[in-house]
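*Asks:* show me the folded form of this:
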Amino acid sequence: MVFDDYFRCYPISMMPDTSRKEDANFGGKIFLPQTALHKLTMLNIRYPMLFTIRSETSGLSTHSGVLEFTAEEGRCYLPQWMLNTIDSEPGSLVNIQTSDLPQGSFVKLEPQSVDFLEISDPKAVLENSMRNFTTLTVDDIIEIDYNDQTYRIKILEVKPESRSHGICIIETDLETDFAPPVGYVEPDYQKLKEDADKAKKEKAMSNPALKGQGAMAKQINYKDLLKEAINEATKGKFDGEGIKLSGKKITEKEKVKVPVIDSDELDLSGPVKPLILPDGYLFFGYSVKPYKDEFDDDNKRESNQDSKKVVFEGQGQSLRNSKKRKDMNKSHPSIKDKARSPETIIIDSD
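*Replies:* As a prediction, the model looks like this:
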């Protein structure tokens, strides 16, 4: 059995009960009277209840679900975008029949404005908005509300395909694809890249830090450092005076004058020249003082002091001029006191 009846259609904004107007107007469900619920229960219609809505004046049709059975008898209330889809005016006669739509697996959407691209997470917005829809039909332009702004989205394609050109999106995994929004023009990425590089180069060349006027240049006193570097570069390694072979001194006119560069008039905005340095060297743009570790300096000082210490401070003695030991045993008689043995011993033979 099929439910088939005629109603006068009106937009949801004309409902006497204003409690759910805003949410229902951005969805895909309609309001029917109590008599429709009684007929549906008698026909044992399976859930979810899906309907085909056809305009008697334009002949256009779409699909929807039902939200509540609270409308007046003989009336049905539709979202405004649904009235625009079937091209019906308030009070027009529409035919509503039960329908059986397949479970959808794919839908392709086309935003009707480039403003849709400003949404940071369109997938999450659509997932939340699709909870108010039961069906999707090809060529319908639905409306969703996000951040107090209305976005219109056209249904370009649905799968699986059927004669009704619609799908049911209740309790199904729906794959979503987006077409470029209406009015969207693909940008010229090559030109955008060139313009960005040009603007970046102009900004870098106009940087006041290159001329010693930036905040960092003031912090490190770049002008004075540059002057010191110029003086060191222009200062001669030999400051003596030259003398001719004839013995005469060189006059002031004959001396080679070294040009003096004024650092205030330097312009570093010209083309960059390659800086070729030996391996292991870095150029920072100003004089660098070598880092000295206080711990290493203390160790060096201690090592120098240790090297100056005298390890042996004793006094050497010669063996020939050595002094007699004071603790000699005086009980032994001195050798000088003993009588010397005669050089010749005479033996008397008598």
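*Asks:* got a list of what Asp17 touches?
*Replies:* By C-beta atoms under 8 Å, 6 or more residues apart in numbering, the contact set of Asp17 is Thr70. C-betas here are computed from N, CA, C, even on glycine.
*Asks:* go again using 6 Å as the cut-off
*Replies:* Shown in contact with Asp17 (C-beta atoms under 6 Å, 6 or more residues apart in numbering): no residues.
*Asks:* now swap in Arg75 and tell me
*Replies:* The contact partners of Arg75, by C-beta under 6 Å, 6+ apart, come to Arg8.
*Asks:* 8 Å - rerun?
*Replies:* 7-10, 33.
*Asks:* and those, which of them are buried?
*Replies:* For the contacts of Arg75, a burial check counting by 16 or more other C-beta atoms under 10 Å picks out 7, 9-10, 33.
*Asks:* Tyr151 against Leu117, yeah?
*Replies:* No: Tyr151 is beyond contact range of Leu117, at 10.6 Å (criterion: C-beta atoms under 8 Å).
*Asks:* can you tell me how far Ser129 is from Leu109?
*Replies:* In this view, Ser129 and Leu109 are 11 Å apart by C-beta to C-beta, to the nearest Å.
*Asks:* I should have written Pro122 there, sorry.
*Replies:* Going from Pro122 to Leu109 by C-beta to C-beta gives 9 Å.
*Asks:* shared neighbours of these two, anything?
*Replies:* Counting by C-beta under 8 Å, 6+ apart, the residues touching both Pro122 and Leu109 are Phe178.
*Asks:* so Gln34 makes contact with Glu72?
*Replies:* No: counting by C-beta under 8 Å, Gln34 sits too far from Glu72 to count as a contact (9.5 Å).
*Asks:* comparing these two, which residue is more hemmed in?
*Replies:* Neighbour totals were compared for Gln34 and Glu72, and Glu72 leads with 15 against 11 (other C-beta atoms under 10 Å).
*Asks:* skip the chain neighbours and tell me the closest residue to that one.
*Replies:* Pro33 (6.3 Å; C-beta to C-beta, 6 or more residues apart in numbering).
*Asks:* which strand residues bridge that neighbour?
*Replies:* Here Pro33 sits in beta bridges with Ala71, as judged by DSSP bridges.
*Asks:* for it, give me its contacts.
*Replies:* Taking C-beta under 8 Å, 6+ apart, we find Pro33 in contact with 7, 69-76.
*Asks:* of those, which is the nearest to Glu143?
*Replies:* Minimum distance to Glu143 across the contacts of Pro33 is 18.5 Å, recorded for Cys76 (C-beta to C-beta).
*Asks:* can you count the residues close to that closest one?
*Replies:* Applying other C-beta under 10 Å, we find 23 other residues in the vicinity of Cys76.
*Asks:* now do it against Phe7, distance only.
*Replies:* According to C-beta to C-beta, Cys76 stands 4 Å off from Phe7.
*Asks:* between these two, what contacts are shared?
*Replies:* Applying C-beta under 8 Å, 6+ apart, one finds that Cys76 and Phe7 are jointly contacted by 32-33, 94, 96.
*Asks:* now rank the residues you listed by neighbours and give me the top one.
*Replies:* Within the shared contacts of Cys76 and Phe7, Leu32 tops the neighbour count with 25 neighbours, counted by other C-beta under 10 Å.
*Asks:* what sits closest to Pro90 if chain neighbours are left out?
*Replies:* With sequence-adjacent residues excluded and distances taken as C-beta to C-beta, 6+ apart, Pro90 is closest to Tyr10, at 5.0 Å.
*Asks:* that neighbour touches Glu89, doesn't it?
*Replies:* No: using C-beta under 8 Å, Tyr10 is not in contact with Glu89, being 9.7 Å away.
*Asks:* rewinding a little: now the residue nearest to Glu72: how far from Thr172?
*Replies:* In this view, Pro33 and Thr172 are 30 Å apart by C-beta to C-beta.
*Asks:* likewise Val125?
*Replies:* Remark: distance between Val125 and Thr172 (C-beta to C-beta) = 19 Å.
*Asks:* ok, these two, which is more surrounded?
*Replies:* Val125 (17 against 11).
*Asks:* what's the helix or strand for the more buried one?
*Replies:* Element membership for Val125 (DSSP states H and E) is helix 122-129.
*Asks:* could I get the full set of helices for the stretch 101-250 of the chain?
*Replies:* 122-129, 189-205, 215-219, 222-234 (DSSP state H, counting those that start in this stretch).
*Asks:* what does the host helix or strand of Asp23 contact?
*Replies:* Element membership for Asp23 (DSSP H and E) is helix 21-25. Helix 21-25 has contacts (C-beta under 8 Å, 6+ apart) with 11-13, 15, 31, 67, 79-80, 132, 143, 145.
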